[in-house]
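1. Just the structure for this:
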Amino acid sequence: MLPVDVLVGYATAHGSTRTIAKRTAAVLGRAGLTAEARPLAEVGDAGAYRAFVLGSAVHGQGWLPPAREFVRDNLDVLGARPVWIFSVGMPAALRGP
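-> Next up, the predicted model:
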């Protein structure tokens, strides 16, 4: 089995974030990277990945607990590797003007 280059990790409430993560992993695969979309609550060893795309649904103006916990618990790994993040939510749920 080939090592996985990119974790496309997600936390979803109704499935939209999972769909985006799976499409993102597929696009990365077509670009020649090995990528897998996985729920963040199921990732055992963040150190096994060389880069990260992390996403979460936004509820109550914040990421879902599994996404927040993954980032908090893996700051050392994430700080040393490429990370791209995305959020999925209704505009009214996001902070800002």
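2. rest of the way, CA atoms for contacts and neighbours
-> OK.
3. Distance-wise, check the residue nearest to residue 71 when sequence neighbours are not counted relative to residue 28.
-> Closest residue in space to residue 71, ignoring its immediate chain neighbours: residue 78 at 7.5 Å, by Cα to Cα, 6 or more residues apart in numbering. According to Cα to Cα, to the nearest Å, residue 78 and residue 28 sit 19 Å apart.
4. now swap in residue 51 and tell me
-> To residue 28, residue 51 is 11 Å away according to Cα to Cα.
5. rewinding a little: where does the residue nearest to residue 71 sit, in terms of helix or strand?
-> Per DSSP states H and E, residue 78 falls inside helix 75-79.
6. That helix: what's the following helix or strand?
-> Downstream of helix 75-79, the next assigned helix or strand under DSSP H and E is strand 83-88.
7. Past the longest helix seen in the chain, which element shows up next along the chain?
-> In the chain, taking DSSP state H as the definition, the longest helix is helix 16-30. Note on helix 16-30: by DSSP H and E, the next helix or strand toward the C-terminus is strand 35-39.
8. Paired strands for that next one, with orientation please.
-> Strand pairing for strand 35-39, using DSSP bridges, gives strand 6-11 (parallel).
9. Tell me what angle the partner strand forms with strand 83-88.
-> Counting by axes from the mean of the first three to the mean of the last three Cα atoms, to 10 degrees, strand 6-11 lies at 30 degrees to strand 83-88.
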